[in-house]
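**Q** Everything below, folded, please.
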Amino acid sequence: MKTTIKDLGEIELLNRLKRFMRCGQIDDDLAEINASNKNLLINTDLLVENIHFSEKISNAKDIGWKCITTNISDLICSGSENIISFTVGLVLPPNTYLEWVENLYEGMWEAMQEFGGEIIGGDCSCGETKMISITAIGEKKPPRLHRGNALPGDYIVSSGFHGLSRLGLALLTSEQLPSEVLISQELANKAISAHKRPYPAIKALKALIECKPTSTTWRAAGTDSSDGLIESIRGICQSSNCQAVLSKTSILKDPDWPEDSIWDEWILNGGEDYELILSLPREWAEALAKKLKSAQIIGFIQEGKPNIFWENLEPINIGKSHLFQHF
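**A** Below you'll find the predicted structure:
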């Protein structure tokens, strides 16, 4: 018979989870961070079962990986490449199997082995629905990427492909595809992996730092494309009070992506791709596109009320039906 959380109780559950942390780390009701002379960036994400994750399409290890990597992506797109630590808050129904919780932490552990950081504490409680709250802490160093840092004349750079995670979700849920185009098994595998095990754009951030021209300052605007490519650009425009002009021919597509234009909707608005979207001085953008093979200049920033246009001045409008709504 499998052990449940109710069988263990809170104290024994915490004792079982101590193996994922340093000795003595959670013996108190707080966590100690030794970070003298460091400025920190802190991010918190709350994931709710059947809204942000589902056991029908992802196992506990994949969910644990995604919990950590989505938080890391928020740190990366703010300019932090040094991931320090995480706290984990859990709400669990009493009949949750211990095995599920341990596998959740195994997935978190795997992500931290890849990207850095350690679990330094958290909390757990009883509830009707599984909820996972992750607080991630990273070191602040130049460049401090911020959505409000864009200026007219900047080039817009995407660090990689979009649409894969949205396709992966459709395949995992047997959702009807946009058209009857036959997709390759290679594309299907990449898409499912992109959805279940997203990979934050840490290589893109490192390349951005390494290729900065000496003639430019550290000013740069950035975000990730967790809410979709167009929505991420819209966020930069709104925070920086400017406009974006995009080139349709420059939007990156996976080499195996269907040619049917109806599939472009998932590229523009699919979400959960976790690529870096940057607004950079021209010289820096060109240097990044040259250094990072996956990066592409896809448009530019100009003066004007916040809006996004194609290069023929056709406005890009998104209805609410295309966007993830938290409420």
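
**Q** Which strands or helices does the lowest-mean-pLDDT helix or strand in the chain pack on?
**A** Least confident helix or strand, the chain: helix 10-17 with a mean of 77, by mean pLDDT, DSSP states H and E. In terms of contacts (3 or more CB pairs under 8 Å, 6 or more residues apart in numbering; DSSP states H and E), helix 10-17 is packed against helix 98-115, strand 119-126. To be clear about C-beta, it is placed using only N, CA and C from the backbone, and glycine gets the same treatment.

**Q** Redo those as TSV? Include distance to residue 70 and mean neighbour count.
**A** Below are these laid out as TSV (distance: least, CB to CB, whole Å; neighbours: other CB atoms under 10 Å):
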stretch	distance to residue 70	mean neighbour count
helix 98-115	10	19
strand 119-126	16	17
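
**Q** Please name whichever of those is nearest to residue 269.
**A** For residue 269, the closest of the helices and strands packed on helix 10-17 is helix 98-115, at 26.3 Å, according to CB to CB.

**Q** Packing partners of the closest one?
**A** If contacts are counted by 3+ CB pairs under 8 Å, 6+ apart, helix 98-115 sits against helix 5-8, helix 10-17, helix 60-76, strand 83-92, strand 119-126.

**Q** Let me see the ranges of the strands in the stretch 101-250 of the chain.
**A** Assignment of strands within the stretch 101-250 of the chain using DSSP state E, counting those that start in this stretch yields the ranges 119-126, 131-139, 155-158, 221-224, 243-246.

**Q** among the ones you listed, which is nearest residue 43?
**A** The closest of those to residue 43 is strand 131-139. By CB to CB, the value is 4.9 Å.

**Q** Tell me the backbone dihedrals of the residue nearest to residue 39 when sequence neighbours are not counted, please.
**A** Once flanking residues are discounted, residue 39 sits nearest to residue 140: 4.0 Å by CB to CB, 6 or more residues apart in numbering. Phi and psi for residue 140, reported as degrees, to the nearest 10, are phi -90, psi 120.

**Q** List the residues that contact residue 140.
**A** Contact partners of residue 140, counting by CB atoms under 8 Å, 6 or more residues apart in numbering, are 38-41, 78-80.

**Q** Which parts of the least confident helix or strand of the chain count as buried, going by neighbours?
**A** For helix 10-17, burial by neighbour count (16 or more other CB atoms under 10 Å) applies to 13-14, 17.

**Q** okay but residue 161 is in contact with residue 252, surely?
**A** Yes. Under the criterion of CB atoms under 8 Å, residue 161 makes contact with residue 252 at 5.2 Å.

**Q** which residues do the two both contact?
**A** In contact with both residue 161 and residue 252: residue 294, using CB under 8 Å, 6+ apart.

**Q** What pLDDT is listed against residue 29?
**A** For residue 29, the pLDDT comes out at 51.

**Q** before we move on, what about residue 37?
**A** 73.

**Q** which stretch in the strands of the stretch 101-250 of the chain is the model least sure about?
**A** Of all those, strand 119-126 carries the lowest average pLDDT, namely a mean of 91.

**Q** Direction included, what does it pair against?
**A** strand 83-92 (parallel) (DSSP bridges).

**Q** How far does the partner strand sit from its chain's centre?
**A** 16 Å (CA atoms, centre = their mean, to the nearest Å).

**Q** Only alpha carbons, please: show that strand as PDB.
**A** Provided in PDB are the C-alpha atoms of strand 83-92 (Å, rounded to 0.1, in the frame of the first residue of the first chain):
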ATOM      1  CA  ILE A  83      20.600  31.400  -9.200                       C
ATOM      2  CA  ILE A  84      21.000  31.300  -5.400                       C
ATOM      3  CA  SER A  85      18.100  29.500  -3.800                       C
ATOM      4  CA  PHE A  86      14.400  28.600  -3.600                       C
ATOM      5  CA  THR A  87      11.700  28.200  -1.000                       C
ATOM      6  CA  VAL A  88       8.900  25.800  -1.700                       C
ATOM      7  CA  GLY A  89       5.300  26.100  -0.400                       C
ATOM      8  CA  LEU A  90       3.000  23.100  -0.800                       C
ATOM      9  CA  VAL A  91      -0.700  22.700  -0.400                       C
ATOM     10  CA  LEU A  92      -1.600  19.000  -0.600                       C
END
